[in-house]
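Enquirer: Build the 3D model from these lines:
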Amino acid sequence: MSMSTTNPSSTPVMSVFWENVRTILYALALAMVLRFTIAQPFRIPSGSMQPTLQVGDYIVVTKWSYGYGRYSFAPLDSLLPHGRLFAHAPNRGDVVVFRPPPEPDRDFIKRVIGLPGDHIQMIDGILHINGVAVQRELIGPTQACPDAEYGPGGRPAAIYRETLPNGVSYLTCEKGMTELDNTREYVVPPGDYFMMGDDRDNSADSRVPSEVGFVPFDNLIGPAQFVVASFDSTTSLLQPWTLFTGFRGDRFLKRVQ
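Expert: Here you go, the predicted structure:
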């Protein structure tokens, strides 16, 4: 008579294993739901929004603020229809993550400058909205706005405080006259928005139709709310101690304005 033998410890071990697997899957599912519906982190890779946002900032974007469009659920956007649920229009001056029509697979972040129907033009480096020059005040020179051409030290930039017609105020960088400082007049189509970077001479934005152009409401992902953490260019995961030495404490939980 033959008898089968079992290892009495195997069943509890497998039970614990599958329980851990289920816990991990539940956690991943919850994280995805939160990412799609509540908030999503983004890393700032370029200096186009300096001095408001620095390269190496990690920001949090709220998904519900403008309602839910297909790009709210990227990378599933190709499976979803156009339009928005619970739509709420952005305000002038909001700092927004979006997908530009010429590059719908890339996330951009800029400031909402022009609303549908607005006339936008740059004249001698001064922003004009509907024929009126936007108020700005010279704060002073600085080298806090580096760019790829001039390296980390950057080149001297004039810092201005710009105030939009609705009272939203923020700082901009001006590094000298470029072709982006004198533009044609742009008339924002219905349902679209005109975006600009705060580092005016280092930003591919709605002034560059081949790269950004007008941005449809449907392409908005959400507004940046705050910087959750920030690391300078010396930080490397291969050198873990630089996560401490390169951490910018002054930007921790800093609100984006």
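
Enquirer: For residue 101, which residues are in contact?
Expert: 213, 214, 215, 216, 219 (C-beta atoms under 8 Å, 6 or more residues apart in numbering). (C-beta placed from N, C-alpha, C; glycine too.)

Enquirer: can I get those residues in TSV with secondary structure, pLDDT and distance to residue 187?
Expert: Formatted as TSV, those follow (DSSP: H, G, I helix; E, B strand; the rest coil; pLDDT from 0 to 100; distance: C-beta to C-beta, whole Å):
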residue	secondary structure	pLDDT	distance to residue 187
213	coil	96	13
214	coil	98	9
215	strand	98	14
216	strand	97	15
219	helix	96	19
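
Enquirer: Nearest to residue 16, out of those residues: which one, please.
Expert: Closest approach to residue 16 among those (C-beta to C-beta): residue 219, at 46.2 Å.

Enquirer: Closest one to residue 72 out of the contacts of residue 101, please.
Expert: When those are compared against residue 72 (criterion: C-beta to C-beta), the nearest one is residue 219, at 10.4 Å.

Enquirer: burial count for the closest one?
Expert: If you count neighbours by other C-beta atoms under 10 Å, residue 219 ends up with 21.

Enquirer: Isn't it up against residue 104?
Expert: Yes: counting by C-beta atoms under 8 Å, residue 219 does reach residue 104; the two are 7.4 Å apart.

Enquirer: which residues do the two both contact?
Expert: residue 71.

Enquirer: Next up, the contacts around residue 200.
Expert: 125, 172, 173, 174, 180, 181.

Enquirer: How confident was the prediction at it?
Expert: We have a pLDDT of 92 for residue 200.

Enquirer: separation between it and residue 181?
Expert: 7 Å (C-beta to C-beta, to the nearest Å).

Enquirer: looking at the contacts of residue 101, which has the most residues close by?
Expert: That'd be residue 215 among the contacts of residue 101, by other C-beta under 10 Å, with 25 neighbours.

Enquirer: That one and residue 257, how far apart?
Expert: 21 Å.

Enquirer: Also residue 184?
Expert: 30 Å.

Enquirer: more crowded one of those two?
Expert: residue 257 (12 against 9).

Enquirer: ok, that one touching residue 51?
Expert: No: look at residue 257 against residue 51 with C-beta under 8 Å: they stay out of range, at 11.4 Å.

Enquirer: contact partners of stretch 158-178?
Expert: Taking C-beta under 8 Å, 6+ apart as the rule, stretch 158-178 contacts 50-52, 91-93, 111, 113, 124-125, 127, 129, 132, 134-142, 144-145, 147, 155-157, 198-202, 257.

Enquirer: Helix, strand, or coil at residue 194?
Expert: Under DSSP: H, G, I helix; E, B strand; the rest coil, the three-state class of residue 194 is strand.

Enquirer: residues touching it, list them.
Expert: By C-beta under 8 Å, 6+ apart, residue 194 lies in contact with 112, 113, 114, 115, 118, 120, 186, 188, 206, 214, 215.

Enquirer: List just the nearest of the residues you listed to residue 226.
Expert: residue 112 (17.7 Å).

Enquirer: Just the contacts of residue 200: which are in strands?
Expert: 172, 173, 174 (DSSP state E).

Enquirer: With neighbour count and distance to residue 71 as new columns, can those be given to me in JSON lines?
Expert: Converted to JSON lines, the ones in strands among the contacts of residue 200 look like this (neighbours: other C-beta atoms under 10 Å; distance: C-beta to C-beta, whole Å):
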{"residue": "172", "neighbour count": "28", "distance to residue 71": "27"}
{"residue": "173", "neighbour count": "27", "distance to residue 71": "28"}
{"residue": "174", "neighbour count": "20", "distance to residue 71": "31"}
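
Enquirer: which one of these sits closest to residue 232?
Expert: residue 173 (18.0 Å).

Enquirer: Name the nearest residue to that closest one, ignoring sequence neighbours.
Expert: residue 145 (3.8 Å; C-beta to C-beta, 6 or more residues apart in numbering).

Enquirer: Thank you, goodbye.
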